[in-house]
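**Q** Requesting a structural model of the entry that follows:
(2 chains)
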Amino acid sequence: MEKLVLDEKIIKDLLPQKFGRAGKIWVAVLVAICLVGAYAYYRQLRYGLIVTSMRDYVSWGIYISNFVFFVAISLVGSLITAVFRLAGVKWGSPLTRIAEIIAVAAIIFASLIIIVDMGSPERFYNLFIHGRIQSPIIWDVIVITTYFFISLLLLYYPLLPDIQILLRFKAGTNKKLYAFYNYIGSFWKNTPEQIKLSEKAINILCIAIIPVAFTIHTVTSWLFATTYRPGWDSTNFGAYFIAGAFLVGAGAVVVAMYVFRKAYHLENYITENHFEKMGRILVLLAMLYLYFNINEFLTPFFKMKESESEYLNGLFSGNFAPLFWFAILTGMIIPTIILLFKKGRKPLPVFIAGIMVVVGAWFKRYLIVTPTLLHPFLPMHDVPESYHHYFPSWEEWAITMGSLAGALLIVTILARIFPIIPIQETITEQHETTE
Amino acid sequence: MNQENNSRRDFLLTGLLIAGAATGCTTPQKDPFESGAEEQAVASGKKVKLLSVDGEIIEVDEAFLKPVPHLPPVTNTEARIGIPGKKFVMVIDLSRCKNLKKCQSACNHAHELNPGENWIKVEPMQEAAHTAPYWEPTTCMHCDEPPCVKVCPVDATFKRQDGLVLIDSDRCIGCRFCMAACPYSARVFNWGEPQIPAAIAAQPYSCETSIPQKKGTVSKCDFCADMTREGMLPHCVSACPNGVFAFGDMNEDSVTNGAETFRFSDLIRDKAGYRLMEDLGTKPSVYYLPPAARNFPFEAGLENDKLQNK
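**A** The predicted model follows:
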């Protein structure tokens, strides 16, 4: 009897809730940013990429750095869900859905932003009818598509028992939403066979997603590393990108954990202990990424090859130095310092460290793309003055912000219609601990 | 294929018969390109003497003369194959360049490029602080191991058997991976709608003329593939008054700048020819002769440089 009461309480706590005032404002702001982005994209479609500040030398700008950022963040789905599950880490289970939702939202916008970057997006289908398997872009198309579907399934399968609960408790709240739950999950009856099958499927997906996740970000790094350019021509790039991706993904998860905990009063489910443990993971990942950064910059700095010196000096002490050191400090060093202390692993400082990691990571991606392109092998000459610099136009900012808002909107909507913490899993674990 | 060749030959014959006197002789009111213009023509009685292909002098009524449009460019499928037996090569003699940029303006004019876009760039180069500066014209290097072709996801840029690297603008998706991959910064993107005369913009795109350029696609020097197919020199070669550029066929071992013809292997041996960024392994088809024993001082080119580079 007591057990049932407890179950009811868990369900009541964790059922998705209607947006409050703050929620509505949040959604309205996100939609507004998306609309501005959509208008900017309309202008870009109409006039061409001329509305951006990209020109022949800086031919990739913040769209591409934003793309790398999204791919990086999406890796978190595989980290939290698959790695924790396979390693038998129990405490991570309340975080798996948050991670998967972020992964799905990010990978959707990674795909969209790459289409936005295309000069002739109406010919997107050429990738399928004339695709050359030798091109790293085609590798990226293949693995991103694969990763998207695995992530979607990894979100969907563990959701099935919860949908059954939703169907039981949410009858009559919203007809359309109910019909949607019914459509995607009514076949689930919680039978032992179904549970066994689902467990098996999730295990297979967890194993499958790890190599795919490594591949999406390694291939993304190869878009740069397969060229000759100073700053990109590096064998370190794959590992460097993966380390950075795990870091920013974990950073995004702690930010989301904190926000959801506050917004939905989930203090009993996302506990201080979770922040303590995620803080430890974050500090490990920040130091790992710092290691790869040192590896990436110290050896070329030591040699100072003529072809790279201008580029390196630009980063260390030139035009890009403020941004470069900001990204290193904010993205890695300060979060490491905060999180090394036990007091630093309380929810609020972890949240702040998470925000620093995510912001630092975004600028880090910008620094990976742009400075290299401003240092070609041959001098920049016989081109208009504007080709010598790059600062994104308002259209580029609007589209980039729109894509970030869009990803947040997907996260918000998914959190509105599905329980952000797996209900069935929480109940099962509750039963295990009380017994 | 065969039939097409025949019809082109016929076309050529008639073209030669009447092309010579064409421009001056047509009645100005009628558009001679209009279909049916020939049928409408009425004998004027005024005869013109012409030389036939067989070397005979023939007389033709003036009214039946009509101008012949340019040879139709080959189809884009043919353009992908290239000219059998050829291996095009360019030699740029740095000792002769004084940054006149005639190559550039001829190229820009021939390819209808927009202001600010240059497929040929003439760069002031200086290897080290105490070495002498010189002017270096750069074109597409038409590499034998082209990094741009390697990375293209849709086979829009391709390598032909005669060595040329060309672009199919009808296929290009505008991802600009080729621009990132090219170490010579040879590629130019159409960021906006190209400003070209409507009549030219309406033509179907040809990989060999690279005309008309299209919004959201990439472009670059094409070694004037349409000219070379007709046995003529690329525009930059004939436009340079100083004979900086020599163009030819590696298989024939000869290159020419129009006025002088050289044995390619001798030229490269005697003047210590080299290629740019040999260490990258791109194997360019453009060779450079070092700026030794210069015809002009470097400073001679500075004034001209200010027009485009402030």
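
**Q** and the residue of the stretch 101-250 of chain A nearest chain B?
**A** residue A:119 (2.0 Å; C-beta to the nearest C-beta). Every C-beta, even on glycine, is put in place using the N, C-alpha and C of the backbone.

**Q** Just give the closest residue to that residue, not the sequence neighbours.
**A** Nearest non-adjacent residue to residue A:119, counting by C-beta to C-beta, 6 or more residues apart in numbering or on different chains: residue B:174, 2.0 Å away.

**Q** Could I get the contacting residues of the one you found?
**A** Residues in contact with residue B:174, defined by C-beta atoms under 8 Å, 6 or more residues apart in numbering or on different chains, are A:49, A:118, A:119, A:120, A:121, A:123, B:189, B:216, B:217, B:218.

**Q** now the helices: where do they sit in chain B?
**A** Remark: helices assigned in chain B by DSSP state H are B:2-19, B:22-25, B:37-40, B:76-81, B:102-110, B:147-151, B:177-181, B:198-201, B:225-229, B:235-239, B:264-270, B:302-305.

**Q** burial count for the nearest residue to residue A:343 once chain neighbours are set aside?
**A** Leaving aside its sequence neighbours, residue A:343 sits nearest to residue A:349 (C-beta to C-beta, 6+ apart; 7.2 Å). Using other C-beta atoms under 10 Å in any protein chain shown, residue A:349 is surrounded by 17 other residues.

**Q** ditto for the one 4 residues further on
**A** Other residues lying near residue A:353 total 27 when counted by other C-beta under 10 Å.

**Q** Touching, it and residue A:281? I think so.
**A** No - checked against C-beta atoms under 8 Å, the pair residue A:353 and residue A:281 is beyond contact range at 11.5 Å.

**Q** Do I have it right that residue B:298 meets residue B:131?
**A** No - between residue B:298 and residue B:131 there is no contact under C-beta under 8 Å: 11.2 Å.

**Q** neighbour count winner among these two?
**A** residue B:298 (18 against 9).

**Q** Regarding residue A:194, what is its secondary structure?
**A** helix (DSSP: H, G, I helix; E, B strand; the rest coil).

**Q** And it, how close does it get to residue A:161?
**A** 9 Å (C-beta to C-beta, to the nearest Å).

**Q** which ones are touching residue B:114?
**A** Counting by C-beta under 8 Å, 6+ apart, residue B:114 has contacts B:194, B:195, B:196, B:213.

**Q** check contacts around the first one.
**A** Put plainly, it is residue B:194. By C-beta under 8 Å, 6+ apart, the residues touching residue B:194 are B:112, B:114, B:201, B:212, B:213, B:214, B:215.

**Q** circling back: name the member of the contacts of residue B:114 that has the highest neighbour count.
**A** Busiest of the contacts of residue B:114 [other C-beta under 10 Å] is residue B:213, holding 25 neighbours.

**Q** nearest residue to that one other than its sequence neighbours?
**A** Nearest one to residue B:213, counting by C-beta to C-beta, 6+ apart, is residue B:194 at 4.4 Å.

**Q** And the residue of the stretch 151-300 of chain B that's closest to chain A?
**A** Minimum separation of the stretch 151-300 of chain B from chain A (C-beta to the nearest C-beta) falls at residue B:174, amounting to 2.0 Å.

**Q** backbone phi and psi for that residue, please?
**A** Backbone torsions for residue B:174, taken as degrees, to the nearest 10, come to phi 80, psi 30.

**Q** In contact with residue 47: list those residues for me.
**A** In the absence of a named chain, this looks at chain A. By C-beta under 8 Å, 6+ apart, the contact set of residue A:47 is B:192, B:193.

**Q** My question was about chain B, not that one.
**A** Going by C-beta under 8 Å, 6+ apart, the list of residues near residue B:47 reads B:59, B:60, B:61, B:62.

**Q** hmm, 6 Å instead?
**A** Neighbour list for residue B:47: residue B:59 [criterion: C-beta atoms under 6 Å, 6 or more residues apart in numbering or on different chains].

**Q** Then residue A:53?
**A** Applying C-beta under 6 Å, 6+ apart to residue A:53 gives the contacts A:390, A:391, A:392, A:393.

**Q** Look at it and give its secondary structure.
**A** coil.

**Q** Identify the spatial nearest neighbour of it, chain neighbours not counted.
**A** residue A:393 is the one closest to residue A:53 (C-beta to C-beta, 6+ apart), at 4.6 Å.

**Q** Just confirm the one you found contacts residue A:52, I think it does.
**A** Yes - assessed by C-beta atoms under 6 Å, residue A:393 is found in contact with residue A:52 at 5.4 Å.

**Q** out of those two, which sits in the busier spot?
**A** Per other C-beta under 10 Å, whichever of residue A:393 and residue A:52 has more neighbours is residue A:52, with 24 against 19.

**Q** hang on, isn't the more buried one packed against residue A:397?
**A** No - with contact defined as C-beta under 6 Å, residue A:52 and residue A:397 do not form a contacting pair (10.0 Å).

**Q** contacting residues for residue 285?
**A** Since no chain was named, I'll use chain A. By C-beta under 6 Å, 6+ apart, the neighbours of residue A:285 are A:246, A:247, A:250.

**Q** right idea, wrong chain: chain B
**A** B:89, B:142, B:163 are the contacts of residue B:285 under C-beta under 6 Å, 6+ apart.

**Q** Please pick the buried ones from these.
**A** Buried subset of the contacts of residue B:285 (neighbour count, 16 or more other C-beta atoms under 10 Å in any protein chain shown): B:89, B:142, B:163.

**Q** and the gap between the last one and residue B:260?
**A** Put plainly, it is residue B:163. 22 Å.

**Q** same deal with the second one?
**A** In this structure, residue B:142 and residue B:260 are 22 Å apart, going by C-beta to C-beta.

**Q** Kindly report the same for the first one.
**A** Separation of residue B:89 from residue B:260 (C-beta to C-beta) stands at 16 Å.

**Q** quick one, strands of the stretch 201-310 of chain B?
**A** B:218-219, B:245-249, B:254-256, B:261-263, B:286-289 (DSSP state E, counting those that start in this stretch).

**Q** Which positions in chain A make contact with chain B?
**A** Within chain A, the positions near chain B by C-beta under 6 Å from any C-beta of the partner chain are A:48-50, A:56, A:59, A:118-120, A:123, A:126-127, A:130, A:132, A:135, A:137-138, A:227-228, A:376-379, A:381-382, A:384.
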